[in-house]
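**Student:** I'll drop the sequence and a predicted model, then ask my questions.
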Amino acid sequence: MAVFPQSPSPDMDVAMLGQEYVSENQIKFHGGSRRQRYLMVLCAVGCLAAIACAIALGVVLGVRKNDSDKSSSQASIPSSWLRMFALSDVHLDILYKANASAFGRPPCGNDSVVPGFGEAATMGRTGCDSPQRLMESALQSMLMVDKDNRADVILITGDKSAHKLYSSSDGTSYHGQLVLRAQAQFTRTVNTFFPRRHCVLTMGNNDVPYHWQVPNSTWYESIWPHWSPLILCKDCPTGRYPVSISETEFNSTFLRGGFYKIDVSDGLTMLVLNSLYWSSFAWVSTVPFRSEIPEIANEQMDWLNSQLARAAADGKKVSIVGHVPPGLDPFRPVATNVSYVRQFWFNNYTQLFLESIGETYRDTVVCTFFAHLHKDDFHVQSYDDSSDAARVNIVMFPSISPVYENNPAYRMMYFNPSGWYLADYTQYWMDLVLANMRKGSAIWSKQYTFSEAYPGEQRIDTNRLLALWRDIVSLNTSSVWQTYTSHRQVYFANTLNSYSRDHLYCIAHTANVSAYENCRNLRPYEPMS
């Protein structure tokens with residue numbers, strides 16, 4: 001259940017309960033019989049209990065509110081800053097049924113009722129991916145946040161389709177056809193809520209015919225009609241910061257390997273990667289293996305470096321976007337056994353990527369964005385973990401899908417045109433348990449703004465994140481650690497005791513198994529008490 005259950009008006013709810021109590025018992029507070037005086041005493045005791053409950057509820061709600069308002073003043077967001085929504089890991093389940101059991105993992109399309117739940121989970125539930133209603137609720141909330149219509153771009157960092165949809169059937173369609181149907185439904189829905197708005201979409205490991213399978217050219221051609229209208233957006237109006245993308249270049253690289261370049265302003269370029277080509281998981285999962293996979297993997301790395309060289313020569317800044325990040329899987333190992341840690345990318349691509357960005361083009365790349373983990377997180381990686389000077393900042397996005405025990409969340413990010421760096425962001429969330437208790441009535445609200453939750457300069461770069469990690473593992477205070485862990489699951493559960501600071505520190509700072517093990521030897525596992 002949620003750590004911080006949210007009510008839109010706790011005072012009103014308590015008052016309504018009080019009115020019902022009085023009207024049912026018809027209490028009179030003057031004179032009366034011994035029985036009436038006895039009832040009056042009981043009423044007084046009941047009122048005191050109600051007041052105590054109201055105070056306790058206020059404290060709980062106050063903790064949640066104060067967690068996002070630690071600064072004495074709210075962050076100032078200049079109107080000149082570029083605004084970009086970040087929506088990630090929606091995992092739209094087109095077969096979702098509100099009474100389906102979450103056991104056995106998604107898609108949750110069977111008819112078995114969850115034991116003890118008793119009510120249909122119309123907004124989704126943990127263990128399941130997102131129903132259409134949850135996706136629409138998130139987009140509706142984004143519209144409310146963007147009521148002045150000033151969001152310049154929507155970044156969607158992969159995994160638009162549900163887990164295991166590739167292995168399901170609705171009686172008429174099988175395997176990749178259902179994934180394709182989910183892609184079509186996803187893009188139609190986004191376009192309905194945000195017509196004529198440029199979107200940046202990345203390829204996730206569930207946006208393919210089979211889980212983790214590296215797509216072939218046929219698949220890129222199949223999803224092109226659904227993705228390209230949002231990316232190219234030929235009828236999009238010219239905004240404050242004109243978005244520019246060459247259709248010829250886009251078709252050339254996207255239909256070859258699912259990667260492309262888009263200029264989201266005259267000073268900021270986004271290089272959109274298909275990191276499946278660099279993933280050992282994906283290579284192993286692609287059966288039969290195809291000879292063009294390593295060819296395209298190398299082509300993408302060469303393309304990345306040539307684009308970075310061009311941007312550096314032109315004086316532009318670059319943001320790099322992908323789905324599966326470099327580095328290690330934080331869910332492996334169990335924290336007491338480092339031998340099971342898994343690396344997402346091959347060593348050679350990990351090293352080439354981090355050294356290119358952290359060393360050769362460190363003054364050109366302002367930030368990198370990845371997803372996949374369904375967690376609100378940030379890393380500062382270098383390949384050999386030997387020098388902070390060559391580290392790469394990796395900002396991770398939380399998910400809309402609640403499949404891995406988290407509440408849904410999305411972000412509004414702000415880029416300062418004076419240097420085009422990521423200056424700040426505000427995260428918005430929805431209490432999934434409460435939404436289902438209210439029969440699918442979702443309440444989205446601000447969770448936190450980065451510069452308020454972690455007071456400091458409005459600039460999210462490698463140095464800022466390195467300093468923040470030092471505070472997270474500091475033994476002098478636990479406040480930053482507690483803020484970080486509550487954000488990581490988007491307030492879903494009090495998992496503070498199940499986290500190891502040292503494990504997460506080493507995951508955030510290293511990019512290969514050897515460096516991770518060295519880090520853990522220096523920082524042995526000590527569970528929080």
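**Tutor:** Happy to help now that I have it.
**Student:** low-confidence ranges in the chain?
**Tutor:** 1-73, 100-107, 109-119, 167-175, 332-340, 494-498, 524-529 (pLDDT under 70).
**Student:** Spatially central residue in it, please.
**Tutor:** Centroid-nearest residue in the chain: residue 398, 1.7 Å away (criterion: CA atoms, centre = their mean).
**Student:** can you confirm it is in a helix?
**Tutor:** No. Going by DSSP: H, G, I helix; E, B strand; the rest coil, the assignment for residue 398 is coil, not a helix.
**Student:** Surely it touches residue 491?
**Tutor:** No. Counting by CB atoms under 8 Å, residue 398 stays clear of residue 491, with 10.5 Å between them. In this view, the C-beta of every residue, glycine as well, is placed from N, C-alpha and C.
**Student:** Residue 320 belongs to a strand, doesn't it?
**Tutor:** Yes. Per three-state DSSP, residue 320 lies within a strand segment.
**Student:** And it, how far from residue 395?
**Tutor:** Distance, residue 320 to residue 395, by CB to CB, to the nearest Å: 11 Å.
**Student:** ranges for the helices of the stretch 101-250 of the chain?
**Tutor:** For the stretch 101-250 of the chain, the helices defined by DSSP state H, counting those that start in this stretch cover 132-145, 176-193, 217-232, 247-257.
**Student:** Can I get the last one as CSV, trimmed to CA atoms?
**Tutor:** Taking C-alpha atoms only, helix 247-257 is exported to CSV below (Å, rounded to 0.1, in the frame of the first residue of the first chain):
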residue,chain,number,x,y,z
GLU,A,247,12.8,13.4,-43.0
THR,A,248,15.4,12.0,-45.3
GLU,A,249,17.9,11.5,-42.5
PHE,A,250,15.3,10.2,-40.2
ASN,A,251,14.1,7.5,-42.6
SER,A,252,17.6,6.5,-43.4
THR,A,253,18.7,5.8,-39.8
PHE,A,254,15.3,4.8,-38.3
LEU,A,255,14.4,2.2,-41.0
ARG,A,256,18.0,0.9,-40.7
GLY,A,257,18.3,0.6,-36.9
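**Student:** What is the burial count for residue 264?
**Tutor:** Using other CB atoms under 10 Å, residue 264 is surrounded by 24 other residues.
**Student:** on that earlier part again, and the residue nearest to the centre of the chain, what does it touch?
**Tutor:** Residue 398 makes contact with 88, 89, 374, 375, 376, 406, 408, 409, 410, 411, 427, 490 under the criterion CB atoms under 8 Å, 6 or more residues apart in numbering.
**Student:** Contacts only, for the first one.
**Tutor:** When you say that, I think you mean residue 88. Here residue 88 is in contact with 156, 157, 158, 159, 371, 397, 398, 399, 400, 410 (CB under 8 Å, 6+ apart).
**Student:** Which residue is the nearest non-sequential neighbour of the fourth one?
**Tutor:** Taking CB to CB, 6 or more residues apart in numbering, and ignoring the residues beside it in sequence, residue 159 has residue 204 as its nearest neighbour in space, at 3.5 Å.
**Student:** related to what we said a few turns ago, closest one of the contacts of residue 88 to residue 511?
**Tutor:** For those, the closest approach to residue 511 (CB to CB) belongs to residue 371, at 17.1 Å.
**Student:** Was I right to think that closest one contacts residue 394?
**Tutor:** No. Between residue 371 and residue 394 there is no contact under CB under 8 Å: 10.5 Å.
**Student:** Common neighbours of the two, please.
**Tutor:** Listed as contacting both residue 371 and residue 394 by CB under 8 Å, 6+ apart are residue 325.
**Student:** what would the helices of the stretch 101-250 of the chain look like in CSV with mean neighbour count and distance to residue 311?
**Tutor:** Shown next, in CSV, are those (neighbours: other CB atoms under 10 Å; distance: least, CB to CB, whole Å):
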stretch, mean neighbour count, distance to residue 311
helix 132-145, 19, 29
helix 176-193, 19, 28
helix 217-232, 17, 19
helix 247-257, 16, 14
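**Student:** Columns distance to residue 307 on top of these, output as TSV?
**Tutor:** Below are the helices of the stretch 101-250 of the chain laid out as TSV (distance: least, CB to CB, whole Å):
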stretch	distance to residue 307
helix 132-145	29
helix 176-193	25
helix 217-232	17
helix 247-257	10
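**Student:** Nearest to residue 518 among those helices would be which one?
**Tutor:** That would be helix 247-257 among the helices of the stretch 101-250 of the chain, by CB to CB, at 34.0 Å.
**Student:** State the next helix or strand along the chain beyond that closest one.
**Tutor:** strand 260-263 (DSSP states H and E).
**Student:** what's in contact with the next helix or strand after that next one?
**Tutor:** Following strand 260-263 in sequence order, the next helix or strand is strand 268-272 (DSSP H and E). The contact list for strand 268-272 (CB under 8 Å, 6+ apart) reads 82, 155, 200-202, 259-264, 304, 307-308, 311, 316-322, 366, 415, 420.
**Student:** what about the strands in the protein?
**Tutor:** Remark: strands assigned in the chain by DSSP state E are 82-87, 153-156, 199-201, 260-263, 268-272, 317-321, 365-370, 377-381, 392-396, 409-416, 421-430, 444-449.
**Student:** so can I have TSV of these showing mean neighbour count?
**Tutor:** Output for the strands of the chain, formatted as TSV (neighbours: other CB atoms under 10 Å):
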stretch	mean neighbour count
strand 82-87	23
strand 153-156	24
strand 199-201	25
strand 260-263	21
strand 268-272	23
strand 317-321	23
strand 365-370	24
strand 377-381	22
strand 392-396	24
strand 409-416	24
strand 421-430	22
strand 444-449	20
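**Student:** In JSON lines: those strands, plus distance to residue 140.
**Tutor:** Output for these, formatted as JSON lines (distance: least, CB to CB, whole Å):
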{"stretch": "strand 82-87", "distance to residue 140": "13"}
{"stretch": "strand 153-156", "distance to residue 140": "14"}
{"stretch": "strand 199-201", "distance to residue 140": "17"}
{"stretch": "strand 260-263", "distance to residue 140": "26"}
{"stretch": "strand 268-272", "distance to residue 140": "26"}
{"stretch": "strand 317-321", "distance to residue 140": "25"}
{"stretch": "strand 365-370", "distance to residue 140": "24"}
{"stretch": "strand 377-381", "distance to residue 140": "26"}
{"stretch": "strand 392-396", "distance to residue 140": "25"}
{"stretch": "strand 409-416", "distance to residue 140": "12"}
{"stretch": "strand 421-430", "distance to residue 140": "11"}
{"stretch": "strand 444-449", "distance to residue 140": "8"}
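**Student:** do you know which of these lies nearest residue 505?
**Tutor:** That would be, of those and by CB to CB, strand 377-381, which comes in at 10.1 Å.
**Student:** can the contacts of residue 398 go into TSV with extra columns for distance to residue 461?
**Tutor:** Shown next, in TSV, are these (distance: CB to CB, whole Å):
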residue	distance to residue 461
88	21
89	24
374	24
375	20
376	18
406	26
408	28
409	22
410	22
411	17
427	18
490	24
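**Student:** In terms of distance to residue 523, which of those residues ranks first?
**Tutor:** residue 375 (20.3 Å).
**Student:** what number of residues lie near the closest one?
**Tutor:** Quick note: residue 375 (other CB under 10 Å) scores 20 neighbours.
**Student:** ok, the closest residue to it other than its chain neighbours to residue 374 distance?
**Tutor:** Using CB to CB, 6+ apart and skipping the chain neighbours, the partner closest in space to residue 375 is residue 488 (5.2 Å). Using CB to CB, residue 488 is found at 10 Å from residue 374.
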